[in-house]
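Undergrad: Pasting a predicted model and its sequence here:
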Amino acid sequence: MAEQETEEEKYLKDFQGDSITSNTKQAMALERVWKNRDFDIEHYWKRAAYFWTFIAAAFAGYFLLLTKDAIDEIVGLVVICLGLIFSLAWMLVNIGSKMWQENWEAHIDLLEDAVTGPVYKYVHNDSKYRFSVSKINQYVSYSVFAIWLFLFFWHLYQKFEWGTHLSINWFVVILVAGTLFFMLMMFFKGRTVNPSQRKKYNMVKR
């Protein structure tokens with residue numbers, strides 16, 4: 001009985017042709033994968049700087065409000081909602097960026113042996129310094145989101161006394177509901193579509 005092909009063998013088969021073009025095809029694929037990985041890493045930090053600009057501005061705005069004798073509860077809540085949305089977006093973007101980085105690294109692992117040898121698989125084994133920059137950045141984004149989430153509920157409880165009486169400020173209700181809605185949309189609708197679920201292209205020759 002013939003042995004069943006492994007997923008790795010199926011993958012490599014897609015990058016093989018006849019004996020003349022096979023190595024060239026794998027080499028070109030590996031070069032493309034490295035470029036994609038470098039592109040994603042470069043833009044990972046650009047996106048981080050983009051989100052930090054808005055998050056830092058939100059923190060500065062909120063703590064500036066705290067220095068005033070009478071903090072405007074509505075303005076404070078608006079700033080917190082913005083900080084919460086941007087910090088959640090940053091956290092989810094970090095998770096997505098890490099997924100794509102690992103995707104390209106998996107391609108490299110599978111392709112490099114036949115082209116350059118296992119260069120990427122060998123590392124200097126000094127476990128004391130093997131920290132992951134992207135993972136640390138991910139945990140920072142978790143912490144920032146947790147801080148904004150705490151400020152969100154603390155502000156509602158302290159400034160609007162939610163839970164202590166039933167007076168309703170409809171602007172606050174709409175603001176809170178809108179913030180939660182956009183957060184849920186980012187979480188559930190902000191995912192990459194599986195290629196098998198994409199719409200079929202309808203291409204017409206001009």
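TA: Yes, it's here.
Undergrad: would you list every one of the helices in this structure?
TA: Along the chain, the stretches classed as helices by DSSP state H are 7-14, 22-66, 73-115, 133-159, 170-189.
Undergrad: I'd like to know how far the residue most central in space within the chain sits from residue 43.
TA: The residue lying closest to the centre of the chain (C-alpha atoms, centre = their mean) is residue 93, at 2.1 Å. Using C-beta to C-beta, to the nearest Å, we find residue 93 at a distance of 10 Å from residue 43. Bear in mind the C-beta positions are built from the backbone N, C-alpha and C, glycine included.
Undergrad: Then residue 183?
TA: Taken as C-beta to C-beta, the spacing of residue 183 relative to residue 43 amounts to 23 Å.
Undergrad: same deal with residue 26?
TA: The span separating residue 26 from residue 43 equals 26 Å under the rule C-beta to C-beta.
Undergrad: Can you pick out the residue with more neighbours from these two?
TA: residue 26 (20 against 13; other C-beta atoms under 10 Å).
Undergrad: Assess the claim that that one and residue 116 are in contact.
TA: No - if you go by C-beta atoms under 8 Å, residue 26 and residue 116 don't touch, sitting 10.1 Å apart.
Undergrad: export the helices of the chain to TSV and tack on distance to residue 121 and mean pLDDT?
TA: Below are those laid out as TSV (distance: least, C-beta to C-beta, whole Å; pLDDT from 0 to 100):
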stretch	distance to residue 121	mean pLDDT
helix 7-14	14	72
helix 22-66	13	89
helix 73-115	7	90
helix 133-159	19	89
helix 170-189	35	80
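Undergrad: With adjacent residues omitted, what lies nearest to the residue nearest to the centre of the chain?
TA: residue 47 (5.6 Å; C-beta to C-beta, 6 or more residues apart in numbering).
Undergrad: Quick one: residues contacting that neighbour.
TA: When contacts are counted by C-beta atoms under 8 Å, 6 or more residues apart in numbering, residue 47 is found next to 90, 93, 97.
Undergrad: one more time with 10 Å, if that's ok
TA: With contacts defined as C-beta atoms under 10 Å, 6 or more residues apart in numbering, residue 47 is in contact with 89, 90, 93, 94, 96, 97.
Undergrad: rewinding a little: roughly how far does the residue nearest to the centre of the chain sit from residue 131?
TA: Applying C-beta to C-beta, one obtains 21 Å for the distance of residue 93 from residue 131.
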